[in-house]
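**Q** structure for this input, please:
(one chain, ligands or ions: 1)
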Amino acid sequence: MKKKKILVLTGAGVSAESGVKTFRDHGGLWEGIDPMVVASIGGWEKTPEKVLEFYNMRKNELKNASPNAAHIAIAEMEKDFDVTVVTQNVDDLHEKAGSTNIIHLHGTLTLTKEEDRSEERYPYIDDLKIGSVGRNGSQLRPDIVWFGENLDLMDIQKTRMAAEEADVCIVVGTSMQVSPANSVPWMTPELSLIYYIDPGEQDFHVPKFRMRGGFFTHVKKKASEGLPEVVEELKRIYLK
Ligand code: NAD
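**A** Down below sits the predicted model:
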(Lines give C-alpha, C1' and ligand atoms only; values in the text may rest on other atoms or scores of the structure.)
Protein backbone atom coordinates (compact mmCIF):
# COMPACT_ATOMS: atom_id res chain seq x y z
CA MET A 1 0.00 0.00 0.00
CA LYS A 2 1.25 3.49 -0.85
CA LYS A 3 2.38 5.44 2.19
CA LYS A 4 0.26 8.46 3.18
CA LYS A 5 2.00 11.78 2.67
CA ILE A 6 2.69 13.94 5.70
CA LEU A 7 4.06 17.46 5.63
CA VAL A 8 5.51 18.62 8.94
CA LEU A 9 5.97 22.40 9.27
CA THR A 10 8.19 23.24 12.22
CA GLY A 11 9.15 26.44 13.98
CA ALA A 12 11.43 27.45 16.82
CA GLY A 13 9.13 25.81 19.44
CA VAL A 14 10.02 22.29 18.28
CA SER A 15 13.62 22.94 19.39
CA ALA A 16 12.76 24.81 22.63
CA GLU A 17 12.97 21.61 24.71
CA SER A 18 16.44 21.00 23.27
CA GLY A 19 17.55 24.26 24.87
CA VAL A 20 17.47 26.33 21.65
CA LYS A 21 15.71 29.63 22.34
CA THR A 22 12.64 30.68 20.34
CA PHE A 23 12.33 34.23 18.98
CA ARG A 24 9.11 35.72 20.21
CA ASP A 25 8.37 33.96 23.50
CA HIS A 26 9.06 35.47 26.92
CA GLY A 27 12.81 34.90 27.38
CA GLY A 28 13.20 34.42 23.62
CA LEU A 29 16.04 35.70 21.48
CA TRP A 30 14.33 38.94 20.49
CA GLU A 31 14.09 40.07 24.12
CA GLY A 32 16.77 42.75 24.29
CA ILE A 33 18.06 42.15 20.74
CA ASP A 34 16.77 44.05 17.73
CA PRO A 35 16.21 41.53 14.91
CA MET A 36 16.71 44.32 12.38
CA VAL A 37 20.28 44.82 13.68
CA VAL A 38 21.37 41.16 13.74
CA ALA A 39 19.11 39.34 11.30
CA SER A 40 18.34 41.66 8.40
CA ILE A 41 20.14 42.55 5.21
CA GLY A 42 20.12 46.19 6.35
CA GLY A 43 21.81 45.17 9.62
CA TRP A 44 24.47 43.28 7.66
CA GLU A 45 25.18 46.36 5.57
CA LYS A 46 25.44 48.65 8.62
CA THR A 47 27.12 46.59 11.34
CA PRO A 48 28.22 43.21 9.94
CA GLU A 49 30.37 42.48 13.01
CA LYS A 50 27.22 42.44 15.21
CA VAL A 51 25.54 40.04 12.78
CA LEU A 52 28.53 37.69 12.79
CA GLU A 53 28.78 37.81 16.59
CA PHE A 54 25.07 36.88 16.88
CA TYR A 55 25.30 33.94 14.46
CA ASN A 56 28.66 32.68 15.79
CA MET A 57 26.95 32.39 19.19
CA ARG A 58 23.90 30.62 17.73
CA LYS A 59 26.15 28.20 15.80
CA ASN A 60 28.26 27.43 18.89
CA GLU A 61 25.15 26.82 21.04
CA LEU A 62 24.09 24.11 18.60
CA LYS A 63 27.18 22.00 19.30
CA ASN A 64 25.67 20.86 22.59
CA ALA A 65 22.03 20.66 21.49
CA SER A 66 20.43 17.26 20.97
CA PRO A 67 17.15 16.39 19.30
CA ASN A 68 14.20 15.93 21.67
CA ALA A 69 11.29 13.47 21.56
CA ALA A 70 9.49 15.60 18.95
CA HIS A 71 12.36 15.61 16.45
CA ILE A 72 12.77 11.88 17.00
CA ALA A 73 9.04 11.16 16.55
CA ILE A 74 9.10 13.12 13.27
CA ALA A 75 12.11 11.14 12.02
CA GLU A 76 10.59 7.80 13.05
CA MET A 77 7.38 8.56 11.15
CA GLU A 78 9.34 7.81 7.96
CA LYS A 79 8.95 4.08 8.72
CA ASP A 80 5.20 4.31 8.11
CA PHE A 81 4.64 7.54 6.16
CA ASP A 82 6.09 9.56 3.31
CA VAL A 83 7.34 12.57 5.29
CA THR A 84 8.54 16.00 4.16
CA VAL A 85 9.83 18.32 6.87
CA VAL A 86 9.55 22.01 6.04
CA THR A 87 11.32 23.93 8.76
CA GLN A 88 11.71 27.60 9.57
CA ASN A 89 14.51 26.59 11.92
CA VAL A 90 18.13 27.14 11.14
CA ASP A 91 19.32 24.47 13.60
CA ASP A 92 20.27 20.94 12.53
CA LEU A 93 18.18 18.98 15.03
CA HIS A 94 15.94 17.34 12.40
CA GLU A 95 19.09 16.08 10.67
CA LYS A 96 20.55 14.88 13.97
CA ALA A 97 17.29 13.02 14.70
CA GLY A 98 17.51 11.21 11.35
CA SER A 99 14.92 12.93 9.13
CA THR A 100 15.97 12.53 5.50
CA ASN A 101 13.72 14.90 3.55
CA ILE A 102 14.12 18.41 4.99
CA ILE A 103 13.57 21.83 3.45
CA HIS A 104 15.20 24.66 5.41
CA LEU A 105 13.09 27.61 4.30
CA HIS A 106 15.17 30.14 6.24
CA GLY A 107 18.60 28.59 5.65
CA THR A 108 20.88 26.74 8.02
CA LEU A 109 23.46 27.47 10.69
CA THR A 110 25.64 24.62 9.46
CA LEU A 111 26.71 26.40 6.26
CA THR A 112 28.21 29.70 5.10
CA LYS A 113 28.34 31.36 1.71
CA GLU A 114 30.16 34.29 0.10
CA GLU A 115 28.21 37.52 0.10
CA ASP A 116 28.91 38.15 -3.60
CA ARG A 117 28.64 34.54 -4.80
CA SER A 118 25.60 32.80 -3.44
CA GLU A 119 25.96 29.39 -5.17
CA GLU A 120 28.85 27.80 -3.28
CA ARG A 121 28.45 26.63 0.34
CA TYR A 122 31.09 25.98 3.02
CA PRO A 123 30.71 24.22 6.40
CA TYR A 124 30.17 26.73 9.24
CA ILE A 125 32.71 25.36 11.74
CA ASP A 126 35.06 28.19 12.80
CA ASP A 127 33.61 31.52 13.91
CA LEU A 128 33.22 34.00 11.06
CA LYS A 129 35.03 37.34 11.29
CA ILE A 130 35.17 40.41 9.11
CA GLY A 131 37.84 39.34 6.63
CA SER A 132 36.87 35.61 6.56
CA VAL A 133 36.66 34.90 2.85
CA GLY A 134 35.72 32.00 0.58
CA ARG A 135 37.48 30.58 -2.50
CA ASN A 136 36.45 33.60 -4.60
CA GLY A 137 37.84 36.10 -2.11
CA SER A 138 34.47 37.46 -1.02
CA GLN A 139 33.35 37.95 2.63
CA LEU A 140 31.71 34.88 4.18
CA ARG A 141 28.29 35.17 5.87
CA PRO A 142 25.94 32.60 7.39
CA ASP A 143 23.68 30.72 4.94
CA ILE A 144 20.59 32.28 6.52
CA VAL A 145 17.66 34.03 4.85
CA TRP A 146 17.55 37.38 6.65
CA PHE A 147 14.65 39.79 6.93
CA GLY A 148 14.60 41.68 3.64
CA GLU A 149 15.90 38.72 1.61
CA ASN A 150 14.01 36.32 -0.63
CA LEU A 151 13.52 32.65 0.05
CA ASP A 152 15.16 30.17 -2.33
CA LEU A 153 12.84 29.61 -5.27
CA MET A 154 13.51 25.86 -5.41
CA ASP A 155 12.63 25.53 -1.73
CA ILE A 156 9.34 27.36 -2.33
CA GLN A 157 8.50 25.11 -5.26
CA LYS A 158 9.36 21.90 -3.39
CA THR A 159 7.32 23.07 -0.40
CA ARG A 160 4.31 23.89 -2.56
CA MET A 161 4.45 20.47 -4.25
CA ALA A 162 4.70 18.65 -0.91
CA ALA A 163 1.81 20.70 0.50
CA GLU A 164 -0.44 20.13 -2.49
CA GLU A 165 0.02 16.36 -2.15
CA ALA A 166 -0.21 16.14 1.65
CA ASP A 167 -2.83 13.92 3.27
CA VAL A 168 -1.87 15.37 6.64
CA CYS A 169 -0.11 18.54 7.75
CA ILE A 170 1.42 18.75 11.21
CA VAL A 171 2.34 22.28 12.27
CA VAL A 172 4.48 22.39 15.38
CA GLY A 173 6.08 25.09 17.51
CA THR A 174 5.50 28.13 15.34
CA SER A 175 3.70 31.37 16.09
CA MET A 176 2.71 31.46 12.38
CA GLN A 177 3.78 35.10 12.17
CA VAL A 178 6.36 34.75 9.43
CA SER A 179 5.29 34.79 5.81
CA PRO A 180 5.32 32.85 3.50
CA ALA A 181 5.90 29.85 5.84
CA ASN A 182 2.61 30.60 7.60
CA SER A 183 0.68 29.99 4.37
CA VAL A 184 1.98 26.43 3.92
CA PRO A 185 -0.84 24.63 5.82
CA TRP A 186 -3.45 26.35 3.65
CA MET A 187 -1.83 25.04 0.44
CA THR A 188 -2.85 21.49 1.38
CA PRO A 189 -5.97 19.90 -0.17
CA GLU A 190 -9.26 20.90 1.49
CA LEU A 191 -9.72 17.45 3.01
CA SER A 192 -6.26 17.19 4.54
CA LEU A 193 -6.05 16.85 8.30
CA ILE A 194 -4.18 19.72 9.95
CA TYR A 195 -2.78 19.43 13.47
CA TYR A 196 -1.36 22.51 15.20
CA ILE A 197 0.83 21.46 18.16
CA ASP A 198 1.76 24.43 20.32
CA PRO A 199 1.23 25.19 24.04
CA GLY A 200 0.41 28.82 23.17
CA GLU A 201 -2.86 30.30 21.95
CA GLN A 202 -3.80 29.81 18.32
CA ASP A 203 -4.15 33.45 17.31
CA PHE A 204 -3.90 33.16 13.54
CA HIS A 205 -6.77 32.86 11.11
CA VAL A 206 -7.94 29.37 10.16
CA PRO A 207 -10.22 29.23 7.09
CA LYS A 208 -13.80 28.51 8.17
CA PHE A 209 -14.25 25.35 6.12
CA ARG A 210 -11.20 23.79 7.79
CA MET A 211 -12.65 24.47 11.25
CA ARG A 212 -16.21 23.46 10.37
CA GLY A 213 -15.19 20.19 8.78
CA GLY A 214 -13.21 19.23 11.87
CA PHE A 215 -10.08 19.08 9.75
CA PHE A 216 -8.14 21.46 12.02
CA THR A 217 -7.11 20.42 15.54
CA HIS A 218 -5.12 22.48 18.03
CA VAL A 219 -3.14 20.14 20.29
CA LYS A 220 -2.29 22.57 23.09
CA LYS A 221 0.80 20.77 24.34
CA LYS A 222 4.54 20.97 24.16
CA ALA A 223 6.08 19.39 21.08
CA SER A 224 7.71 16.47 22.94
CA GLU A 225 4.32 15.41 24.30
CA GLY A 226 1.96 16.45 21.48
CA LEU A 227 3.95 15.12 18.56
CA PRO A 228 4.17 11.46 19.67
CA GLU A 229 0.43 11.59 20.50
CA VAL A 230 -0.47 12.85 17.03
CA VAL A 231 1.74 10.19 15.43
CA GLU A 232 -0.09 7.48 17.40
CA GLU A 233 -3.43 8.91 16.24
CA LEU A 234 -2.28 8.89 12.61
CA LYS A 235 -1.15 5.29 12.92
CA ARG A 236 -4.60 4.38 14.31
CA ILE A 237 -6.32 6.19 11.43
CA TYR A 238 -4.16 5.02 8.53
CA LEU A 239 -2.36 1.82 9.50
CA LYS A 240 -4.97 -0.31 11.26
P1 NAD B 1 8.48 32.05 17.21
O2 NAD B 1 9.54 32.35 18.22
O3 NAD B 1 7.76 33.17 16.58
O4 NAD B 1 7.35 31.15 17.91
C5 NAD B 1 7.67 30.03 18.69
C6 NAD B 1 6.42 29.23 18.94
O7 NAD B 1 6.82 28.06 19.63
C8 NAD B 1 5.36 29.93 19.80
O9 NAD B 1 4.10 29.80 19.18
C10 NAD B 1 5.41 29.17 21.13
O11 NAD B 1 4.15 29.09 21.76
C12 NAD B 1 5.88 27.81 20.66
N13 NAD B 1 6.54 26.98 21.67
C14 NAD B 1 7.31 27.35 22.72
N15 NAD B 1 7.73 26.27 23.39
C16 NAD B 1 7.24 25.18 22.74
C17 NAD B 1 7.33 23.77 22.93
N18 NAD B 1 8.04 23.23 23.94
N19 NAD B 1 6.67 22.96 22.07
C20 NAD B 1 5.95 23.47 21.04
N21 NAD B 1 5.83 24.79 20.81
C22 NAD B 1 6.46 25.63 21.65
O23 NAD B 1 9.13 31.05 16.15
P24 NAD B 1 8.75 30.76 14.65
O25 NAD B 1 7.28 30.77 14.44
O26 NAD B 1 9.56 29.58 14.24
O27 NAD B 1 9.33 32.08 13.99
C28 NAD B 1 9.95 31.98 12.87
C29 NAD B 1 11.44 32.39 12.95
O30 NAD B 1 12.17 31.95 14.08
C31 NAD B 1 12.11 31.74 11.81
O32 NAD B 1 12.59 32.73 10.98
C33 NAD B 1 13.26 30.90 12.39
O34 NAD B 1 14.35 30.95 11.51
C35 NAD B 1 13.50 31.54 13.66
N36 NAD B 1 14.16 30.81 14.76
C37 NAD B 1 14.72 29.58 14.61
C38 NAD B 1 15.30 28.94 15.68
C39 NAD B 1 15.92 27.58 15.49
O40 NAD B 1 16.50 27.32 14.45
N41 NAD B 1 15.78 26.68 16.46
C42 NAD B 1 15.31 29.53 16.94
C43 NAD B 1 14.73 30.80 17.07
C44 NAD B 1 14.15 31.41 15.97
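
**Q** next, see if the longest helix belonging to the chain gets close to the ligand.
**A** Looking across the chain with DSSP state H, the single longest helix is helix 223-239. Yes - Helix 223-239 comes into contact with the ligand when judged by CB under 6 Å from any ligand atom, the residues involved being residue 223. Backbone N, C-alpha and C define where each C-beta goes, glycine included.

**Q** show residues contacting that helix.
**A** Defining contact as CB atoms under 8 Å, 6 or more residues apart in numbering, one finds that helix 223-239 is touched by 4, 6, 13-14, 16-17, 68-70, 73-74, 76-77, 80-81, 167-168, 170, 172-173, 195, 197, 219-221.

**Q** next to the ligand, which bits of this structure? Give me the list.
**A** Applying CB under 6 Å from any ligand atom, one finds that the chain approaches the ligand through 11-13, 15-17, 20-25, 28-29, 88-91, 106, 173-175, 177-178, 198-200, 222-223.

**Q** can we see that at 5 Å?
**A** Residues of the chain found near the ligand, taking CB under 5 Å from any ligand atom as the criterion, are 11-13, 15-17, 20, 22-24, 88-91, 106, 173-175, 178, 198, 200, 222-223.

**Q** so residue 21 sits in a strand?
**A** No - in this structure, residue 21 is coil, not part of a strand, as judged by DSSP: H, G, I helix; E, B strand; the rest coil.

**Q** just give the number of residues close to the spatially closest residue to it that is not a sequence neighbour.
**A** Closest residue in space to residue 21, ignoring its immediate chain neighbours: residue 29 at 4.9 Å, by CB to CB, 6 or more residues apart in numbering. Using other CB atoms under 10 Å as the criterion, residue 29 is surrounded by 19 other residues.

**Q** so which of the residues of the chain next to the ligand sit within helices?
**A** Applying DSSP H to those, the entries found in helices are residue 223.

**Q** on the three-state scheme, residue 103 is what?
**A** Local secondary structure at residue 103 is given as strand here, using three-state DSSP.

**Q** and the strands in the protein?
**A** Chain-ordered strands for the chain, with DSSP state E as the definition, fall at 5-10, 82-87, 102-104, 107-114, 117-123, 140-144, 168-172, 193-197, 216-219.

**Q** neighbours of residue 160, how many?
**A** The criterion is other CB under 10 Å. On that basis, residue 160 has 14 neighbouring residues.

**Q** wait, it sits on residue 188?
**A** No - using CB atoms under 8 Å as the test, residue 160 is too far from residue 188 to be in contact (10.4 Å).

**Q** flag the shaky bits of the protein, pLDDT-wise.
**A** Within the chain, the set of residues satisfying pLDDT under 70 comprises 24-28, 30-31.

**Q** residue 105 contacts residue 87, correct?
**A** Yes - Residue 105 sits in contact with residue 87 when judged by CB under 8 Å, with a separation of 6.8 Å.

**Q** okay, these two: which has more neighbours?
**A** With neighbours defined as other CB under 10 Å, residue 105 and residue 87 compare such that residue 87 has more, 27 against 22.

**Q** how about the more buried one, what does it touch?
**A** If you count contacts by CB under 8 Å, 6+ apart, residue 87 has them with 9, 10, 11, 14, 94, 102, 103, 104, 105, 106.
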